[in-house]
Structures are given as structure tokens and as C-alpha cells.
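Student: my questions are about this predicted structure, shown below with the sequence.
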Amino acid sequence: MDCQPPFADLSPTIVWKHFATLCRTPRISKQEAALRSMLHAWALDRGLDAVVDAAGNLLVRKPATPGRENVRGVVLQAHLDMVCQANEGVVHDFARDPLRPLVRDGWLVAPETTLGADNGIGVALILAALEDDSLVHGPLEALLTVDEEAGMGGAHGLAAGALQGRLMLNLDTEAWGEFFVGCAGGCDVDVERTAVPEAPPPGWNFRRIDLRGLRGGHSGVDIHEGRGNALKLLVRVLRDLEAAVPLRLAQLAGGTARNALPREAHAVVAIAPGFEAALADRLADWQAGLSAELNDIDPGLVLTSAEAAPEPVVSEAEQRVWLASLHAAPFGVEQWSRHLPGVVETSNNVGVVALGAAGGRANFMVRSLVDRGSEALASRIVSLFALSGTPARVSGRYPGWAPDPASALLALCKETYRREFGADAAVQVIHAGLECGIIGAKHPGMDTVSFGPTIRGAHAPGEAVEIASVGRCWHLLQAILAAVS
């Protein structure tokens, strides 16, 4: 595992060379086998005990520093997969093409795609700890899970009691200087209905309407900022258009990942002859209105229209069902925590919609710090679609990670941070989903803390990680391992 530009000049080399390997190796959710095999062979070559479990997770054990065999064991945990997103018009095959990051003003950034710093930096830190024989530590276990971003399948599939350590450092959070001790749980709601395509009215003209240029982002970490959701915004536009212009819907699509805020969406519509100017005027009004509405958070929003080829359309009844249901579906912050000021308790993301003349599907990702909160919101979405007879399925439930104010590991981490950096670290909970709750439920008594470098724009093109914070994380990880032992 060597270090190539732009990584060659980054420090600490032992961390960045591993992240360079991750950038060269595809790691789509559920397709991590090539990377896992490479890391498995690397661990075995170093004389480490390494196994792949039935769920596809890689578990590596490193013996303690001589004389520290009897101290408490530590589990280092991160996930191998990444969210794969590219800007519209960018040709990038995440199953084959390497990522192409660059250094910009102290940050490592992937300008046109996601970078996979979430959670590749965590993986790289763990690999560095496994490699560096100068570290002082007790027994180490590295748990590198699969399928985190698409449903936490690796954590769900981990066998109960598979881990020997009872202290766990999760390296999957994105704000340096903060220790995280709790996270949201959640579930998915998937709706799908079929339909009989109809021929468009004779002589009607087809237009493709695109809404693009939004920032997107992580559907948990960024949900509180009020960023635009391209699907929800385009549905608003279409609802207005169908009230003003004879219009039939042929397509509506947007979003590519359940846990990312949709940056782009498009619709193909047929309109009656003579209404082209009215459509253009209406879209111009919406462009101005949405730009004013979102100027401070999504200044790049663009709404355009172009000629499109004729195709079958959905029935008028199906059009009413889909547009009304998607318009009514919740999006964004549903409830703020009453116990943790400034923290989102419950939210929903309308992440993916794919509708054509023969039917369509939509995915909603519900999160909550309170399991009953996610259950209640998911039930509301199911009930909404039940009004139109649309089947809805709730799946992928995962528990939240409840904070433990008396955590001995947290106290040690805070003390170590203060000693090494001369300041106090903040203690937080995160609205994103981490695997800690699932893993902890399978290992009662596990004491867990999460930390990581500063990452901006996770789950969206332009994702970036602050280079200096990666070095600080490596320093802190070494210090915590030494303090535990």
C-alpha cells in the first residue's frame, strides 16, 4: 500500500497511504468484496488474526504490547462502504473508477463526486493502528463492517458475542473536537404501485423539466439546515403547473441514495398545444420564487425546461395520487429534542423517487433519537399512502444508541483530549445513524465513544475532509489506546 499524489505530501503518511488505497478501490455498499479481500490478505501477511464473518464483515485482532496482555481490550470500528454520488453530467463509474481527490486550502476534496472520507478516514486510522508496532496498547480488535450506508447490514449480521473487547471506539463521526455518545435509530419506508400506461393526448407537446444545482448532503447530519430537496421542490412546481396548464405526467425521478438529500430531479410532461408560453412563464416565476426562498442555503438552484420525445403517460388518477401524496409526505425536521437543546430528535428524508407510466416507487428514510418517534413517523407515512391504496413497507429498523453519562471510556477520552490538546472536548449526540447501538445490543456492557476528523458535505459531491484534523485524530487515537492500557 503505497502513497500516490495527492497523498504523498500529507501527514501522517501511515494514515493517508491507507486512505489512498481506499480511493483506488471501489467500495459501493454491498459490493465491498474486492476491498475486503485485499485488506484481509494484508492483515494475514502481517501475521494478524483476520476472519470474514457470515455477514461479510472483516474482523482483525492484534496482540497487546508485551506486558499489557491483561488490560482491557479495545474494539476499533468503522465501515468499508461509501455513499456514491456524482454531479449531473459527470461520468464516473463507482464500480470501476478510482476517486480523484485534490488538496485545496487545507482540505482533501473530491470536486465532482463523493470522497468517501465517510467512513474511509476511520478505516484508514484503524489500519494504521494495526500496522504501527510502535503503538502502546492492550488487545486490539478491528471491526470493519459492510453495507452500513444501505441498511447497516453488516452490523445487523454481526454474531452476538463476536467481539472480545468491552470498550469500543467508533471512528465514524465528522466533527473534530467532539466526542459522540449517542445517535439516532431509524427505518425505511418503501412505497410502490403499478399502473397501466396511457397514450398521450394527440398533438400534445412534451417537455422535460429539470430542477438541479442544490447542495444536497447527509440526510441526518444536514437535515436541520433547511437545505432544499429537489424532489419535494419539483413536486410543488408540478402541482402548481397542473392547476394552470393542461398537463399529463410521464416521468418523475430524483435522488440516488436513501440517506442523501436529493440534489437533482426531473419530470417529463405532456402539455396541450398553445400552452408553451404559459408553461415558460410559470417556470420563470418558480425559478425566481425558489431562488429567493433558498438563496441563503441553496443559491445554485436552477429550474429549466427543454423539448422531450413523446412517450406514454400516467393516468390522470395516478398523477393525482402521486403528486398529492409526495406533496403531503413529511420532509425535514419533525421534532426537536426537549432534553438535548439544539439537537434534532425525529426527521424524515424523501430520498429516492422513480415514477413512469407503468408505475413507480419511493423511499423515505426516517430517523429518531427515540425509537417510538421513528415508529410513529413511519406509521404516518404508511397511513398517508394507504389513503390511495398504495402498499408501503417498513424495513431496516435499527436501534438508536442511548447516551451513557457515566461512561468510564468517555471520562478517559475527555481527560486524554484535555492533556494532549490543552482544551475541553465537547460531548454530543448525532442525528445520523451509527452502528454503535446495533453492535452494543449484541454485546451487553459495551462502553462506546465515537470521534473523527472534520468532514464537510458527506453524501454529496464536493465532500471534503480537513487534513490537519486527520493528523489530530491519529494523535488522539494513539493517546487513548495508551491511556486505556
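Tutor: Ah, there it is.

Student: gap between stretch 85-101 and the chain center?
Tutor: 17 Å (CA atoms, centre = their mean, to the nearest Å).

Student: should've said stretch 135-152
Tutor: 18 Å.

Student: for stretch 452-469, give the mean pLDDT please.
Tutor: Mean pLDDT, computed over stretch 452-469, is 96.

Student: between the two ends of that stretch, how far is it?
Tutor: 8 Å (CA to CA, to the nearest Å).

Student: buried residues, that stretch. List them.
Tutor: The neighbour-count check on stretch 452-469 (16 or more other CB atoms under 10 Å) flags 452-467, 469 as buried. The C-beta positions use only the backbone N, C-alpha and C, and glycine is treated the same way.

Student: can you pull out the low-pLDDT segments for the chain?
Tutor: Within the chain, the stretches with pLDDT under 70 are 1-5.

Student: kindly tell me how buried the closest residue to residue 71 other than its chain neighbours is, as a neighbour count.
Tutor: Leaving out its chain neighbours, the residue that sits closest to residue 71 by CB to CB, 6 or more residues apart in numbering is residue 138, at 3.7 Å. For residue 138, the neighbour count with other CB atoms under 10 Å is 20.

Student: helix, strand, or coil at residue 138?
Tutor: Using DSSP: H, G, I helix; E, B strand; the rest coil, the structure places residue 138 in coil.

Student: got the contact list for it?
Tutor: 64-65, 68-74, 481, 484-485 (CB atoms under 8 Å, 6 or more residues apart in numbering).

Student: so which of those residues is the closest to residue 310?
Tutor: Residue 310 has its nearest neighbour among the contacts of residue 138 in residue 74, at 62.6 Å by CB to CB.

Student: please name the strands paired to the longest strand seen in the chain in the sheet, noting orientation.
Tutor: Ordering each strand of the chain by length in residues (DSSP state E) puts strand 344-356 first. Applying DSSP bridges, strand 344-356 is found paired with strand 247-254 (antiparallel), strand 332-336 (antiparallel), strand 359-368 (antiparallel).

Student: list of residues touching the second one?
Tutor: Okay, so that is strand 332-336. With contact meaning CB under 8 Å, 6+ apart, strand 332-336 is reached by 223-224, 226, 229, 342-348, 368, 373, 377.

Student: could I get these as a markdown table with distance to residue 421 and neighbour count?
Tutor: Output for the contacts of strand 332-336, formatted as a markdown table (distance: CB to CB, whole Å; neighbours: other CB atoms under 10 Å):
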| residue | distance to residue 421 | neighbour count |
| --- | --- | --- |
| 223 | 30 | 25 |
| 224 | 27 | 15 |
| 226 | 33 | 13 |
| 229 | 38 | 25 |
| 342 | 24 | 8 |
| 343 | 24 | 17 |
| 344 | 28 | 24 |
| 345 | 31 | 21 |
| 346 | 34 | 23 |
| 347 | 32 | 26 |
| 348 | 37 | 25 |
| 368 | 33 | 26 |
| 373 | 35 | 22 |
| 377 | 39 | 23 |
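
Student: and those, which two are the farthest apart?
Tutor: Within the contacts of strand 332-336, two members stand farthest from each other by CB to CB: 229 and 342, at 22.0 Å.

Student: then the longest strand of the chain to CSV, C-alphas only?
Tutor: What follows is strand 344-356, C-alpha atoms only, in CSV (Å, rounded to 0.1, in the frame of the first residue of the first chain):
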residue,chain,number,x,y,z
VAL,A,344,-32.9,17.0,16.1
GLU,A,345,-35.0,14.2,17.6
THR,A,346,-37.0,13.0,14.6
SER,A,347,-36.8,13.6,10.9
ASN,A,348,-37.6,12.2,7.5
ASN,A,349,-35.9,12.3,4.1
VAL,A,350,-37.7,11.8,0.8
GLY,A,351,-34.6,10.2,-0.7
VAL,A,352,-35.5,8.4,-4.0
VAL,A,353,-38.5,8.6,-6.4
ALA,A,354,-38.7,6.8,-9.7
LEU,A,355,-42.1,7.1,-11.5
GLY,A,356,-43.0,6.2,-15.0
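
Student: so how far is it from its chain's centroid?
Tutor: Centre-to-centre, strand 344-356 and its host chain are 13 Å apart (CA atoms, centre = their mean).

Student: going forward can the numbers begin at 277, since that is how I track them
Tutor: Happy to do that; since the first residue is 277 now, the last one works out to strand 620-632.

Student: thinking again about what came up before, quick check: the residue nearest to residue 347 vs residue 683, distance?
Tutor: The gap separating residue 414 from residue 683 is 18 Å, by CB to CB, to the nearest Å.
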